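Participant: coords below, sequence missing:
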(Lines give C-alpha, C1' and ligand atoms only; values in the text may rest on other atoms or scores of the structure.)
Protein backbone atom coordinates (compact mmCIF):
# COMPACT_ATOMS: atom_id res chain seq x y z
CA UNK A 1 0.00 0.00 0.00
CA UNK A 2 2.83 2.42 0.80
CA UNK A 3 4.05 2.90 -2.82
CA UNK A 4 0.49 3.74 -3.92
CA UNK A 5 -0.27 6.21 -1.15
CA UNK A 6 3.04 7.92 -0.46
CA UNK A 7 2.67 10.66 -3.08
CA UNK A 8 -0.68 11.98 -1.83
CA UNK A 9 -2.23 12.94 1.48
CA UNK A 10 -5.05 10.39 1.61
CA UNK A 11 -7.83 10.85 4.16
CA UNK A 12 -9.28 7.63 5.64
CA UNK A 13 -12.83 8.11 6.92
CA UNK A 14 -14.36 5.31 9.00
CA UNK A 15 -18.01 5.11 10.02
CA UNK A 16 -19.17 2.80 12.81
CA UNK A 17 -22.20 1.16 11.18
CA UNK A 18 -23.08 -1.04 14.14
CA UNK A 19 -26.07 1.10 15.23
CA UNK A 20 -27.36 1.09 11.64
CA UNK A 21 -27.01 -2.68 11.41
CA UNK A 22 -28.88 -3.07 14.69
CA UNK A 23 -31.75 -0.91 13.47
CA UNK A 24 -31.97 -2.94 10.25
CA UNK A 25 -31.93 -6.27 12.08
CA UNK A 26 -34.72 -5.15 14.38
CA UNK A 27 -36.99 -3.37 11.90
CA UNK A 28 -36.40 -4.61 8.33
CA UNK A 29 -37.75 -7.79 6.75
CA UNK A 30 -35.08 -10.49 6.46
CA UNK A 31 -35.18 -10.78 2.67
CA UNK A 32 -34.74 -7.03 2.16
CA UNK A 33 -31.91 -6.47 4.66
CA UNK A 34 -29.02 -6.76 2.21
CA UNK A 35 -30.34 -4.15 -0.20
CA UNK A 36 -31.43 -1.81 2.59
CA UNK A 37 -27.99 -2.07 4.21
CA UNK A 38 -26.26 -1.19 0.93
CA UNK A 39 -28.63 1.75 0.43
CA UNK A 40 -27.73 3.02 3.90
CA UNK A 41 -24.04 2.67 3.08
CA UNK A 42 -24.45 4.69 -0.10
CA UNK A 43 -26.39 7.37 1.77
CA UNK A 44 -23.64 7.59 4.38
CA UNK A 45 -20.84 7.65 1.82
CA UNK A 46 -22.65 10.34 -0.16
CA UNK A 47 -22.91 12.53 2.94
CA UNK A 48 -19.17 12.16 3.53
CA UNK A 49 -18.44 12.86 -0.14
CA UNK A 50 -20.49 16.05 0.02
CA UNK A 51 -18.70 17.12 3.21
CA UNK A 52 -15.27 16.86 1.58
CA UNK A 53 -16.19 17.88 -1.96
CA UNK A 54 -15.66 14.40 -3.43
CA UNK A 55 -17.19 14.05 -6.89
CA UNK A 56 -17.73 10.27 -7.06
CA UNK A 57 -17.92 7.08 -5.01
CA UNK A 58 -16.01 3.93 -5.99
CA UNK A 59 -17.05 0.43 -4.88
CA UNK A 60 -15.59 -3.02 -5.46
CA UNK A 61 -18.84 -4.70 -6.47
CA UNK A 62 -18.86 -7.30 -9.24
CA UNK A 63 -22.08 -8.13 -11.07
CA UNK A 64 -23.89 -11.15 -9.68
CA UNK A 65 -21.22 -12.09 -7.13
CA UNK A 66 -23.69 -11.85 -4.23
CA UNK A 67 -27.45 -11.36 -4.02
CA UNK A 68 -27.31 -7.57 -3.61
CA UNK A 69 -25.21 -7.22 -6.78
CA UNK A 70 -27.78 -8.10 -9.42
CA UNK A 71 -28.63 -5.37 -11.93
CA UNK A 72 -32.05 -4.85 -10.36
CA UNK A 73 -30.64 -4.48 -6.86
CA UNK A 74 -27.71 -2.29 -7.90
CA UNK A 75 -30.13 0.10 -9.61
CA UNK A 76 -32.21 0.36 -6.43
CA UNK A 77 -29.08 0.88 -4.34
CA UNK A 78 -27.88 3.70 -6.60
CA UNK A 79 -31.29 5.40 -6.50
CA UNK A 80 -30.73 6.78 -2.99
CA UNK A 81 -28.00 9.19 -4.09
CA UNK A 82 -27.27 11.54 -6.97
CA UNK A 83 -23.52 11.09 -6.41
CA UNK A 84 -21.80 9.29 -9.28
CA UNK A 85 -20.98 5.68 -8.32
CA UNK A 86 -18.15 3.97 -10.20
CA UNK A 87 -17.69 0.18 -10.19
CA UNK A 88 -14.40 -0.60 -11.96
CA UNK A 89 -14.65 -4.31 -11.08
CA UNK A 90 -18.22 -4.76 -12.29
CA UNK A 91 -17.35 -7.34 -14.99
CA UNK A 92 -14.38 -9.02 -13.28
CA UNK A 93 -14.48 -12.57 -11.93
CA UNK A 94 -13.48 -13.40 -8.37
CA UNK A 95 -10.03 -14.80 -9.23
CA UNK A 96 -9.07 -11.70 -11.17
CA UNK A 97 -10.18 -9.47 -8.29
CA UNK A 98 -8.03 -11.54 -5.89
CA UNK A 99 -5.05 -11.16 -8.25
CA UNK A 100 -5.55 -7.38 -8.30
CA UNK A 101 -5.79 -7.28 -4.51
CA UNK A 102 -2.54 -9.21 -4.26
CA UNK A 103 -0.87 -6.80 -6.69
CA UNK A 104 -1.81 -3.65 -4.76
CA UNK A 105 -1.18 -5.16 -1.33
CA UNK A 106 -4.71 -5.54 0.05
CA UNK A 107 -5.10 -9.32 -0.23
CA UNK A 108 -4.16 -9.94 3.42
CA UNK A 109 -6.75 -7.42 4.61
CA UNK A 110 -9.47 -9.09 2.54
CA UNK A 111 -8.49 -12.59 3.67
CA UNK A 112 -8.59 -11.76 7.37
CA UNK A 113 -11.64 -9.51 7.31
CA UNK A 114 -14.36 -10.99 9.57
CA UNK A 115 -17.58 -12.25 8.01
CA UNK A 116 -20.48 -10.75 9.93
CA UNK A 117 -22.80 -13.75 9.87
CA UNK A 118 -25.23 -11.79 12.03
CA UNK A 119 -26.11 -9.38 9.21
CA UNK A 120 -26.58 -11.88 6.38
CA UNK A 121 -30.16 -12.58 5.29
CA UNK A 122 -31.30 -16.18 5.30
CA UNK A 123 -33.23 -15.70 2.06
CA UNK A 124 -32.01 -12.45 0.42
CA UNK A 125 -33.93 -11.10 -2.53
CA UNK A 126 -32.12 -10.99 -5.87
CA UNK A 127 -34.82 -8.85 -7.46
CA UNK A 128 -35.92 -6.24 -4.96
CA UNK A 129 -39.07 -4.21 -5.55
CA UNK A 130 -38.68 -0.47 -5.01
CA UNK A 131 -42.04 -0.03 -3.26
CA UNK A 132 -41.30 -2.86 -0.84
CA UNK A 133 -37.80 -1.57 -0.05
CA UNK A 134 -39.12 1.94 0.58
CA UNK A 135 -41.90 0.53 2.79
CA UNK A 136 -39.30 -1.32 4.88
CA UNK A 137 -37.18 1.82 5.17
CA UNK A 138 -40.14 3.72 6.62
CA UNK A 139 -39.55 1.68 9.81
CA UNK A 140 -35.94 2.88 9.98
CA UNK A 141 -34.91 5.73 12.28
CA UNK A 142 -32.78 7.88 9.97
CA UNK A 143 -31.48 9.96 12.86
CA UNK A 144 -29.27 6.94 13.63
CA UNK A 145 -27.69 7.18 10.18
CA UNK A 146 -27.14 10.92 10.58
CA UNK A 147 -25.50 10.36 13.96
CA UNK A 148 -22.97 7.75 12.81
CA UNK A 149 -21.98 9.92 9.84
CA UNK A 150 -21.54 12.92 12.13
CA UNK A 151 -19.33 10.83 14.44
CA UNK A 152 -17.17 9.39 11.64
CA UNK A 153 -13.45 9.21 12.40
CA UNK A 154 -10.94 10.87 10.09
CA UNK A 155 -7.26 9.93 9.91
CA UNK A 156 -4.34 10.38 7.53
CA UNK A 157 -3.80 6.96 5.92
CA UNK A 158 -0.08 7.15 6.73
CA UNK A 159 -0.90 7.21 10.45
CA UNK A 160 -3.06 4.07 10.51
CA UNK A 161 -0.23 1.57 11.03
CA UNK A 162 1.23 3.62 13.88
CA UNK A 163 -2.16 4.08 15.54
CA UNK A 164 -2.90 0.36 15.26
CA UNK A 165 0.38 -0.55 16.95
CA UNK A 166 -0.34 1.87 19.80
CA UNK A 167 -3.85 0.52 20.48
CA UNK A 168 -3.28 -3.25 20.32
CA UNK A 169 -5.61 -4.99 22.78
CA UNK A 170 -5.58 -8.69 23.58
CA UNK A 171 -8.61 -10.75 24.54
CA UNK A 172 -8.54 -14.20 26.13
CA UNK A 173 -10.33 -17.19 24.60
CA UNK A 174 -11.56 -19.90 26.99
CA UNK A 175 -13.06 -23.35 26.51
CA UNK A 176 -14.67 -23.66 29.94
CA UNK A 177 -16.18 -21.49 32.65
CA UNK A 178 -15.70 -20.76 36.35
CA UNK A 179 -17.99 -20.01 39.28
CA UNK A 180 -18.08 -16.27 38.58
CA UNK A 181 -18.54 -16.58 34.82
CA UNK A 182 -21.66 -16.09 32.71
CA UNK A 183 -22.09 -16.72 29.00
CA UNK A 184 -23.30 -13.83 26.84
CA UNK A 185 -25.03 -15.01 23.66
CA UNK A 186 -24.47 -12.12 21.24
CA UNK A 187 -26.16 -13.62 18.17
CA UNK A 188 -29.10 -11.85 16.56
CA UNK A 189 -32.53 -12.60 18.02
CA UNK A 190 -33.53 -14.70 14.99
CA UNK A 191 -30.43 -16.87 15.33
CA UNK A 192 -31.05 -17.35 19.04
CA UNK A 193 -34.66 -18.36 18.44
CA UNK A 194 -33.66 -20.82 15.70
CA UNK A 195 -30.88 -22.46 17.74
CA UNK A 196 -31.16 -21.62 21.47
CA UNK A 197 -27.91 -21.93 23.41
CA UNK A 198 -28.20 -24.26 26.40
CA UNK A 199 -25.18 -24.89 28.61
CA UNK A 200 -25.52 -26.71 31.93
CA UNK A 201 -23.97 -25.26 35.06
CA UNK A 202 -23.70 -21.65 33.93
CA UNK A 203 -25.99 -18.67 33.41
CA UNK A 204 -26.65 -17.80 29.76
CA UNK A 205 -27.75 -14.23 29.02
CA UNK A 206 -29.00 -12.92 25.67
CA UNK A 207 -27.68 -9.59 24.37
CA UNK A 208 -27.42 -9.19 20.56
CA UNK A 209 -24.08 -7.79 19.36
CA UNK A 210 -25.66 -4.60 18.05
CA UNK A 211 -26.80 -3.67 21.58
CA UNK A 212 -23.50 -4.32 23.35
CA UNK A 213 -22.17 -0.77 23.04
CA UNK A 214 -25.19 0.68 24.84
CA UNK A 215 -26.38 -2.16 27.09
CA UNK A 216 -23.28 -4.04 28.26
CA UNK A 217 -22.66 -1.54 31.05
CA UNK A 218 -26.07 -2.41 32.53
CA UNK A 219 -25.02 -6.01 33.18
CA UNK A 220 -23.60 -7.24 36.49
CA UNK A 221 -19.99 -6.04 36.25
CA UNK A 222 -18.88 -8.28 39.12
CA UNK A 223 -19.15 -11.22 36.71
CA UNK A 224 -16.78 -12.27 33.94
CA UNK A 225 -18.72 -12.33 30.70
CA UNK A 226 -17.87 -14.98 28.11
CA UNK A 227 -19.02 -13.75 24.71
CA UNK A 228 -20.30 -16.45 22.37
CA UNK A 229 -21.47 -16.67 18.77
CA UNK A 230 -21.63 -19.58 16.35
CA UNK A 231 -18.37 -19.04 14.48
CA UNK A 232 -16.43 -17.02 17.03
CA UNK A 233 -15.71 -14.09 14.72
CA UNK A 234 -18.27 -11.63 16.02
CA UNK A 235 -17.67 -12.59 19.65
CA UNK A 236 -13.94 -11.90 19.38
CA UNK A 237 -14.48 -8.60 17.59
CA UNK A 238 -17.04 -7.41 20.14
CA UNK A 239 -14.85 -8.50 23.05
CA UNK A 240 -12.02 -6.39 21.61
CA UNK A 241 -14.34 -3.39 21.31
CA UNK A 242 -15.47 -3.78 24.92
CA UNK A 243 -11.87 -4.10 26.13
CA UNK A 244 -11.00 -0.89 24.29
CA UNK A 245 -13.88 0.80 26.14
CA UNK A 246 -12.38 -0.22 29.47
CA UNK A 247 -14.35 -3.40 30.24
CA UNK A 248 -11.75 -5.93 31.38
CA UNK A 249 -14.28 -8.57 32.46
CA UNK A 250 -14.82 -10.02 28.98
CA UNK A 251 -13.48 -13.14 27.30
CA UNK A 252 -14.40 -15.19 24.23
CA UNK A 253 -16.10 -18.55 24.81
CA UNK A 254 -15.13 -21.29 22.32
CA UNK A 255 -16.00 -24.72 23.80
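Facilitator: That came in fine, so what should we check first? This is a predicted model, so every value here is computed, not measured.

Participant: going forward, measure contacts and count neighbours with C-alpha atoms only.
Facilitator: Noted.

Participant: tell me, how many residues neighbour residue 44?
Facilitator: 20 (other Cα atoms under 10 Å).

Participant: test my guess that it contacts residue 151.
Facilitator: No. Assessed by Cα atoms under 8 Å, residue 44 is found out of contact with residue 151, at 11.4 Å.

Participant: what's the end-to-end length of stretch 82-92?
Facilitator: Stretch 82-92 stretches 25 Å from its first residue to its last (Cα to Cα, to the nearest Å).

Participant: for stretch 132-146, same thing?
Facilitator: Start-to-end, stretch 132-146 (Cα to Cα) is 23 Å.

Participant: same question, stretch 139-154
Facilitator: 30 Å.

Participant: per-residue confidence averaged over that stretch?
Facilitator: Mean pLDDT, stretch 139-154: 95.

Participant: flag every buried residue along it.
Facilitator: 140, 145, 148-149 (16 or more other Cα atoms under 10 Å).

Participant: quick one, strands of the stretch 101-250 of the chain?
Facilitator: Per DSSP state E, counting those that start in this stretch, the stretch 101-250 of the chain carries strands over the ranges 153-156, 173-174, 181-185, 203-206, 224-228, 250-253.

Participant: in the third one, what counts as buried?
Facilitator: The one in question is strand 181-185. Going by 16+ other Cα under 10 Å, strand 181-185 has these buried residues: 181-185.

Participant: what's the answer for the fourth one, then?
Facilitator: Buried residues in strand 203-206, counting neighbours by 16+ other Cα under 10 Å, are found at 204-206.

Participant: on that earlier part again, farthest-apart pair in the buried residues of stretch 139-154, please.
Facilitator: Greatest spatial distance among the buried residues of stretch 139-154 (Cα to Cα): 140 and 149, at 15.6 Å.

Participant: so who does residue 170 touch?
Facilitator: By Cα atoms under 8 Å, 6 or more residues apart in numbering, residue 170 lies in contact with residue 240.

Participant: restricted to helices, list the buried residues of stretch 139-154.
Facilitator: Under the assignment DSSP state H, the buried residues of stretch 139-154 contribute 145, 148-149 to helices.

Participant: ok, back up a step: and which of the buried residues of strand 181-185 is nearest to residue 126?
Facilitator: Distances from residue 126 to those, taken by Cα to Cα, are shortest for residue 185, at 30.6 Å.

Participant: give me the pLDDT for the closest one.
Facilitator: 96.

Participant: can you name the residues that contact it?
Facilitator: By Cα under 8 Å, 6+ apart, the neighbours of residue 185 are 192, 197, 204-208, 227-229.

Participant: distance of it relative to residue 179?
Facilitator: 18 Å.

Participant: what do you get for residue 207?
Facilitator: Residue 207 is 21 Å from residue 179, by Cα to Cα.

Participant: next one: residue 71
Facilitator: 54 Å.

Participant: this structure: helices as residue ranges?
Facilitator: Under DSSP H, the chain gives helices at 2-5, 18-27, 33-52, 71-78, 94-104, 107-112, 130-137, 142-150, 160-166, 189-194, 212-215, 233-244.

Participant: burial check on the closest residue to residue 88 other than its chain neighbours, number of neighbours?
Facilitator: What sits nearest to residue 88 in space, not counting adjacent residues and going by Cα to Cα, 6 or more residues apart in numbering, is residue 60, at 7.0 Å. Residue 60 is flanked by 12 other residues according to other Cα under 10 Å.

Participant: could you do residue 200 as well?
Facilitator: 6.

Participant: phi and psi next, for it.
Facilitator: Per-residue torsions, residue 200: phi -70, psi 140 (degrees, to the nearest 10).

Participant: wait, which of the helices of the chain is closest to residue 64?
Facilitator: Going by Cα to Cα, the one of those nearest residue 64 is helix 71-78, 7.8 Å.
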